[in-house]
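A.B. asks: here is a sequence with its predicted model. Questions after.
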Amino acid sequence: GENVEQHPSTLSVQEGDSAVIKCTYSDSASNYFPWYKQELGKRPQLIIDIRSNVGEKKDQRIAVTLNKTAKHFSLHITETQPEDSAVYFCAATSGSRLTFGEGTQLTVNP
Amino acid sequence: GAGVSQSPSNKVTEKGKDVELRCDPISGHTALYWYRQSLGQGLEFLIYFQGNSAPDKSGLPSDRFSAERTGGSVSTLTIQRTQQEDSAVYLCASSPQLGWGYGYTFGSGTRLTVV
């Protein structure tokens, strides 16, 4: 089955800096890669996703890149703000379901 | 409904008791998933349903866990003879359909505590 690894497990940045979270996947058939943000005590919410026919996607301060050859994808957050502090999960399709990474705790210090 | 609804939001039960967790997906979503999230951990797949097809139960950790989905809508996850290691947040999610390019919408979860 699919295996998704996510790094780093914790990330601390200063407000205004950029943050990058990286994930690798094992199943070359995976074709959909969403990212979820989970604030403390709340549900995971989809923030951006990318399909395998696209190499990069951007939505305001958030961008995701995909390298199918290397089987890795990354989340980039620019001009970080304190409200970006949360746990971020990457995921990849595995058959008919998503397999999630272990999560990254992002802390943005004012 | 407007979102995925789960009940109860919190459940405290004694070890050895049975519990039922309920999920009401977004209207029209044919795919429904159950995940488990232990404290500070990632999302562990349990089971999914797609329409009238047989569910994929490959993630259920033991035969104490079972789930059903009636009428292609509401789902119930049942844990029999609960153990302390069952304590976790149980998340339900739904999707318009299985497969390529359809992200999940999660419910708020049920926090289960086994004492």
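C.D. replies: Arrived safely.
A.B. asks: for residue B:41, list the residues it contacts.
C.D. replies: With contacts defined as C-beta atoms under 8 Å, 6 or more residues apart in numbering or on different chains, residue B:41 is in contact with A:102, A:103. Just so you know, the C-beta spots here come from the backbone N, C-alpha and C atoms, and that holds for glycine as well.
A.B. asks: thought residue A:22 was touching residue A:76?
C.D. replies: No. At 9.9 Å, residue A:22 and residue A:76 do not qualify as touching, with contact defined as C-beta atoms under 8 Å.
A.B. asks: I'd like the distance between the spatially most central residue of chain B and chain A.
C.D. replies: Note on chain B: the residue nearest the mean C-alpha position is residue B:34, at 3.2 Å, using C-alpha atoms, centre = their mean. Residue B:34 sits at a distance of 11 Å from chain A (criterion: C-beta to the nearest C-beta, to the nearest Å).
A.B. asks: what strand or helix carries that residue?
C.D. replies: Taking DSSP states H and E as the definition, one finds residue B:34 inside strand B:31-37.
A.B. asks: so what are the sheet partners of that strand and their directions?
C.D. replies: Using DSSP bridges, the strands paired with strand B:31-37 are strand B:44-50 (antiparallel), strand B:88-95 (antiparallel).
A.B. asks: okay, the ones you listed in a markdown table with distance to residue A:95, mean neighbour count and mean pLDDT next?
C.D. replies: Conversion of these to a markdown table gives the following (distance: least, C-beta to C-beta, whole Å; neighbours: other C-beta atoms under 10 Å in any protein chain shown; pLDDT from 0 to 100):
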| stretch | distance to residue A:95 | mean neighbour count | mean pLDDT |
| --- | --- | --- | --- |
| strand B:44-50 | 10 | 21 | 92 |
| strand B:88-95 | 13 | 24 | 95 |
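A.B. asks: what segments of chain B are strands?
C.D. replies: With DSSP state E applied, chain B shows strands at B:5-7, B:10-13, B:19-24, B:31-37, B:44-50, B:65-69, B:75-79, B:88-95, B:105-106, B:110-114, listed in chain order.
A.B. asks: a markdown table please, covering these and showing distance to residue A:33.
C.D. replies: Putting the strands of chain B into a markdown table (distance: least, C-beta to C-beta, whole Å) gives the following:
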| stretch | distance to residue A:33 |
| --- | --- |
| strand B:5-7 | 26 |
| strand B:10-13 | 33 |
| strand B:19-24 | 25 |
| strand B:31-37 | 17 |
| strand B:44-50 | 16 |
| strand B:65-69 | 27 |
| strand B:75-79 | 26 |
| strand B:88-95 | 15 |
| strand B:105-106 | 17 |
| strand B:110-114 | 28 |
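A.B. asks: distance of the residue nearest to the centre of chain B from residue A:77?
C.D. replies: For residue B:34, the distance to residue A:77 under the criterion C-beta to C-beta, to the nearest Å works out to 30 Å.
A.B. asks: ok, residue A:78 - contacts?
C.D. replies: With contact taken as C-beta under 8 Å, 6+ apart, residue A:78 is in contact with A:18, A:61, A:63.
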